[in-house]
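Undergrad: Next come a sequence and a model predicted from it.
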Amino acid sequence: KNLKERGVAIIYISHNLEEVFDTCDTVTVLKDGAVVGTYTVEELGNVNRLIPLMVGRTIEEMYHKKEVKIGTELLRVENLTGSKFQNININVRAGEILGIFGLVGAGRTDIARAIYGADKFEKGKIRVNGKEISIKKPKDSLKSGVGYLPEDRRNQGTFPQQDIEFNINAINLDKVMKAGILNYKKAYEQTKKYVDLLSIKIGSIYQKVSDLSGGNQQKVVIARWLCKNPDVLIFDEPTAGIDVGTKAEIYRLFSEILKQGKGIILISSYLPELIGLSDRVLVISNGMVAGEVERKDFSEEYLLTLAMKNLVSKEKIKEAV
C-alpha cells in the first residue's frame with residue numbers, strides 16, 4: 001500500500017483470494033494458460049464470484065461432497081494426553097470426514113502426530129477397527145491402517161531431492177519387491193498408475209519432486225498414501241498454498257476415498273473448507289476439546305467462538321487472532 005501511494009504499479013500473484021480483495025484494484029484471471037477476463041474488485045464483489053471464473057464451477061459445486069453412507073467405526077481415540085493436549089476423544093467412521101479446527105497453537109497438529117506415532121503421548125488409548133493398538137512410532141500406525149499427510153509437505157511429507165517414483169514407492173516397496181529385489185518395471189507401473197489417477201503434471205516420473213509446483217508435490221504425497229491404502233487418512237492443511245483448481249481436484253478425491261469405505265480426518269484453518277466438506281467438526285482450544293459440532297449447526301461464528309473458549313484472557317485471544 002505504501003508503494004502504491006508512491007505511484008508504483010504492482011502485479012500481485014496469490015492463491016489467497018481474500019488477500020486479493022484486500023490488496024488489489026483489478027483482477028486478471030488465468031485458467032489453463034489463457035486469460036479468462038479482467039475485472040475490478042468492485043465488479044466481482046467477493047470470493048464467491050471469483051472462484052467460478054478460476055475453476056469453471058460455483059463455490060457450492062467446488063465443496064460438493066457426495067453423500068456416502070456412514071458405516072462402522074474405524075478409529076477411536078480415548079483420553080489422549082500429551083505435553084500440548086489433554087483428554088482428547090475422537091472417533092471416525094467409514095465414509096465420514098471429521099473436521100478438526102482450532103487457532104494456531106491450539107494443538108491440532110500435535111494431536112495428529114501423536115495418533116500417527118510421530119510424537120509421543122503420555123497416556124490414552126487408540127483403537128483401529130475395534131482393536132486396541134500400541135502406537136510408539138509411525139511404523140505402528142502404518143501396520144494398523146492409519147496414514148498421515150503432514151502440514152509441512154516440503155520438509156516432512158516429501159523427499160525433495162528424490163524423484164517422483166522414489167517418493168510414491170517409499171512406503172510401498174513391498175508391492176514391487178520380491179525376495180528383497182526391486183522389480184523396476186513394477187515400480188515404474190505403480191508410479192505411473194497413481195500419476196495418471198491424480199493427474200499429476202510432470203515431465204517424467206524420474207523428475208525431482210522439488211521441481212514440481214506445490215499442488216503437484218501435494219498430489220505426490222497423496223498418491224503415496226492411496227497406494228498404501230490405509231483405512232483412515234489424516235490430512236493436515238492439505239490445500240494450504242496450492243491453487244484453487246488443485247484444491248477442487250483434492251476435494252473430489254476425498255469423495256472417492258470415502259466411497260471405498262475409508263474415513264478422513266481433515267485439519268484445516270480455512271473455515272469454508274471445513275464447513276463445506278466435514279460431517280462433524282471437533283474444535284480444539286488450548287489443547288482441549290472445546291466442542292463437537294454437527295453439520296446442521298455449522299457456522300463460522302460458532303466455530304470461532306468455540307476455538308476461543310479456553311483462552312482465558314483478552315491478551316491471549318488477541319495474540320491467537
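TA: That came through, no problem. Residues are numbered from 1 along each chain as shown.

Undergrad: Strands along the stretch 1-150 of the chain, start to end?
TA: 26-31, 34-40, 73-82, 85-93, 97-101, 123-128, 131-133, 146-149 (DSSP state E, counting those that start in this stretch).

Undergrad: in the fifth one, what's buried?
TA: For strand 97-101, a neighbour-count test (16 or more other Cβ atoms under 10 Å) marks Ile97, Leu98, Gly99, Ile100, Phe101 as buried. For glycine as for every other residue, the C-beta is placed from the backbone atoms N, C-alpha and C.

Undergrad: how near is the closest residue to Asn183 other than its chain neighbours to Lys137?
TA: Distances taken as Cβ to Cβ, 6 or more residues apart in numbering place Val176 nearest to Asn183, at 5.3 Å, with adjacent residues excluded. Counting by Cβ to Cβ, to the nearest Å, the separation of Val176 from Lys137 is 24 Å.

Undergrad: Settle this for me: Val293 is touching Val283, isn't it.
TA: Yes: using Cβ atoms under 8 Å, Val293 is in contact with Val283, at 6.7 Å.

Undergrad: so which of the strands of the stretch 1-150 of the chain gets nearest Asn229?
TA: Closest to Asn229 of these is strand 146-149 (Cβ to Cβ; 8.8 Å).

Undergrad: for the record, mean pLDDT for stretch 30-44?
TA: Stretch 30-44 shows a mean pLDDT of 87.

Undergrad: Then stretch 143-155?
TA: 90.

Undergrad: in the sheet, who's paired with the nearest residue to Ile90 once chain neighbours are set aside?
TA: Distances taken as Cβ to Cβ, 6+ apart put Val77 closest to Ile90, at 4.1 Å, once the chain neighbours are dropped. Listed beta-bridge partners, Val77: Ile90, Ile126 (assigned using DSSP bridges).

Undergrad: Now tabulate the strands of the stretch 1-150 of the chain in a markdown table and tack on distance to Met54.
TA: As requested, the strands of the stretch 1-150 of the chain are exported to a markdown table (distance: least, Cβ to Cβ, whole Å):
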| stretch | distance to Met54 |
| --- | --- |
| strand 26-31 | 6 |
| strand 34-40 | 8 |
| strand 73-82 | 34 |
| strand 85-93 | 31 |
| strand 97-101 | 24 |
| strand 123-128 | 39 |
| strand 131-133 | 42 |
| strand 146-149 | 24 |
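
Undergrad: picking up where we left off before, contacting residues around the residue nearest to Ile90?
TA: Ile88, Asn89, Ile90, Asn91, Ile115, Gly124, Lys125, Ile126, Arg127 (Cβ atoms under 8 Å, 6 or more residues apart in numbering).

Undergrad: what's the neighbour count on the residue nearest to the last one when sequence neighbours are not counted?
TA: Think Arg127. Using Cβ to Cβ, 6+ apart and skipping residues adjacent in sequence, the residue nearest Arg127 is Arg76, 4.3 Å away. Residues within reach of Arg76, counting by other Cβ atoms under 10 Å, total 17.

Undergrad: Now do Arg76 against Gly263, distance only.
TA: Arg76 is 11 Å from Gly263, by Cβ to Cβ.

Undergrad: show me the contacts for the residue nearest to Arg127.
TA: Contacts of Arg76 (Cβ under 8 Å, 6+ apart): Ile90, Asn91, Lys125, Ile126, Arg127.

Undergrad: just Ile250 next, same as before
TA: Gln218, Lys219, Ile222, Pro238, Thr239, Ile242.

Undergrad: hang on, isn't the second one packed against Ile200?
TA: Yes: if you go by Cβ under 8 Å, Lys219 and Ile200 touch, sitting 4.7 Å apart.

Undergrad: my read: Thr239 touches Leu274, true?
TA: No: shown here, Thr239 and Leu274 do not form a contact pair, counting by Cβ under 8 Å, at 11.0 Å.

Undergrad: shared neighbours, these two?
TA: With Cβ under 8 Å, 6+ apart as the test, Thr239 and Leu274 both reach Ser268.

Undergrad: ok, Ile11 - how many residues close by?
TA: 6.

Undergrad: Per-residue pLDDT of it, please?
TA: The per-residue pLDDT reported for Ile11 equals 96.

Undergrad: and what of Ala320?
TA: Confidence score, pLDDT, at Ala320: 61.

Undergrad: next one: His15
TA: In this prediction, His15 carries a pLDDT score of 68.

Undergrad: what's the residue nearest to the spatial centre of the chain in contact with, if anything?
TA: By Cα atoms, centre = their mean, the mean C-alpha position of the chain lies nearest to Pro238, the distance being 2.1 Å. Counting by Cβ under 8 Å, 6+ apart, Pro238 touches Leu149, Gln218, Ile222, Ile250, Leu266, Ser268.

Undergrad: wait, isn't Val283 in contact with Phe298?
TA: No: using Cβ under 8 Å, Val283 is not in contact with Phe298, being 11.2 Å away.
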